[in-house]
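Student: coordinates only, no sequence provided:
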């Protein structure tokens with residue numbers, strides 16, 4: 001999965017099994033319609049996945065994100081990324097980090113339902 005910045009400042013999120021070839025295709029105007037009209041493009045962020053369906057899922061997930069949330073990911077600002085997360089803004093009483101017990105951290109006090117598991121990927125561009 002990758003994020004490009006286009007010449008007009010917009011972002012494009014895609015996935016591929018050959019990143020070098022796909023970037024070359026984008027630069028040659030052979031990529032997506034969005035990038036064809038906004039050349040040149042610049043690679044800002046990548047995540048590597050073992051399974052194609054995991055990369056595709058992550059691509060679709062990020063395509064629904066706001067610009068600010070994508071920028072937080074690109075810049076490695078994980079605190080801001082959490083603040084911009086939809087679940088965080090919908091359920092502000094859910095603790096992100098705490099010294100309380102594990103059972104208190106894994107449920108939302110507003111709904112008393114378990115929180116979803118985070119999506120994982122192997123980041124190449126961002127150091128955790």
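Tutor: The structure has been received and is ready for your questions. The model shown is predicted, which means the values in this text are computed figures rather than measured ones.
Student: how many neighbours does the closest residue in space to residue 66 that isn't next to it in sequence have?
Tutor: Distance criterion C-beta to C-beta, 6 or more residues apart in numbering; nearest residue to residue 66, sequence neighbours excluded, is residue 84 at 6.6 Å. The C-beta positions use only the backbone N, C-alpha and C, and glycine is treated the same way. Look at residue 84: counted by other C-beta atoms under 10 Å, it has 18 neighbours.
Student: residue 82 now?
Tutor: 13.
Student: and for residue 11?
Tutor: Residue 11 has 19 neighbours, counted by other C-beta under 10 Å.
Student: which strand residues bridge it?
Tutor: Per DSSP bridges, the residues bridged to residue 11 are residue 5.
Student: surely it meets residue 67?
Tutor: Yes - counting by C-beta atoms under 8 Å, residue 11 sits close enough to residue 67 to count as a contact (6.9 Å).
Student: got a list of what residue 38 touches?
Tutor: By C-beta atoms under 8 Å, 6 or more residues apart in numbering, the residues touching residue 38 are 6-8, 10, 12.
Student: PyMOL command to pick out the buried ones of those?
Tutor: Buried residues among the contacts of residue 38 (16 or more other C-beta atoms under 10 Å), as a PyMOL selection:
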select buried, resi 6+12
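Student: got the contacts of residue 38 as CSV, with pLDDT and distance to residue 41 columns?
Tutor: CSV is the format used below for those (pLDDT from 0 to 100; distance: C-beta to C-beta, whole Å):
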residue, pLDDT, distance to residue 41
6, 96, 5
7, 96, 7
8, 97, 10
10, 96, 10
12, 96, 7
